[in-house]
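Enquirer: predicted model, plus sequence, below.
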Amino acid sequence: MTDTAYALFLDFDGTLVEIAPRPDGVVVPPALPPALARLRTRLGGALALVTGRPIATIDGFLTPERFDVAGLHGVEMRRGGPVTGGDPAEHPALRAGVATLQRAVADLDGVLIEDKGCSVAVHWRLAGEAEARQAQSAAASVAGILGEAYRLQQGKAVAEILPASATKGHAIRAFLREAPYAGRRAIFIGDDLTDEKAFVPVDEDGGITIRVGPGETVARHRLADPAAVRALLMGWAEGGTIDPESLPAA
């Protein structure tokens, strides 16, 4: 297939960069943003990040480059222009829930609240077992109070409350309805439970799914870690053959 036959969708944490103990502590290799920009050009613009992070946060990590992004699992979208969606004022119940959650975990050592405006994540990577259990219980309690308009998404030492309609799979399909993504075969690379759920619709639509790291997966292919992902993408950016189906099977 030609380079412009593919549309590339990339998770951020645990896929492009190693997961850090704190959300603001990830390290972006200096060569990564310009390599992604070159690869975007090679793909005729069809490269986007699909992440649980806010778009503004991704922009900060990848400055000075700006990419198409589905942020907050698709609550926010940017495709070649301004950001749409992502107004916290549209989520008053969630804003009240964030305040409740902050009070519930205030005294738990090692538990961090990441307030993303239209979603909220509770991290316990730095916490002990007892504190982690309490953090998970608090997140589940607030999600239950918010009801069916929101859902609780589990990840690696994190739980996130976000609008029920926001999923990475829906975000990828939204990109694929518009130029320059329309008519192309999707490649999606991700590492977490949120990505596993997105692998299913990507596969259903004839795309190529790539899991990063160990563990059970529904993806068809696997890469060992973010370093392997970066090596692959940088090779593609420099003119290497884009042949994702030759990657190791999952």
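Expert: Thanks, I have the structure now.
Enquirer: what mean pLDDT would you report for stretch 102-118?
Expert: For stretch 102-118, mean pLDDT rounds to 95.
Enquirer: and it, what's buried?
Expert: Neighbour-count burial for stretch 102-118, counted by 16 or more other Cβ atoms under 10 Å, picks out 104-105, 108, 111-118. Where C-beta positions appear, they are placed from N, C-alpha and C, glycine not excepted.
Enquirer: please apply the same query to stretch 129-147.
Expert: Residues of stretch 129-147 classed as buried under the neighbour-count rule (16+ other Cβ under 10 Å) are 131-132, 134-136, 138-139, 142-143, 146.
Enquirer: which residue ranges of this structure form helices?
Expert: Per DSSP state H, the chain carries helices over the ranges 32-42, 55-62, 92-105, 129-146, 168-176, 193-204, 226-237.
Enquirer: so who does the closest residue to Ile19 other than its chain neighbours touch?
Expert: Closest residue to Ile19 apart from its sequence neighbours, by Cβ to Cβ, 6 or more residues apart in numbering: Asp13 at 5.5 Å. For Asp13, the residues meeting the contact criterion (Cβ atoms under 8 Å, 6 or more residues apart in numbering) are 19, 23, 26, 51-53, 191-192.
Enquirer: how does this structure divide into domains?
Expert: Dividing the chain into domains by the TED database, as the record does, gives the ranges 6-75+166-246, 88-163.
Enquirer: for the longest one, what is the average pLDDT?
Expert: Model confidence over domain 6-75+166-246, given as mean pLDDT, is 96.
Enquirer: starting at the chain centroid, how far to that domain?
Expert: Distance of domain 6-75+166-246 from its chain centroid, counting by Cα atoms, centre = their mean, to the nearest Å, is 8 Å.
Enquirer: same thing with the last one?
Expert: Relative to the chain's own centre, domain 88-163 is displaced by 17 Å; criterion: Cα atoms, centre = their mean.
Enquirer: stretch 242-250 now?
Expert: Taking the mean C-alpha point of stretch 242-250 and that of its whole chain, the gap between them comes to 21 Å (Cα atoms, centre = their mean).
Enquirer: got the end-to-end distance for it?
Expert: According to Cα to Cα, to the nearest Å, stretch 242-250 extends 18 Å from its N-terminal end residue to its C-terminal end residue.
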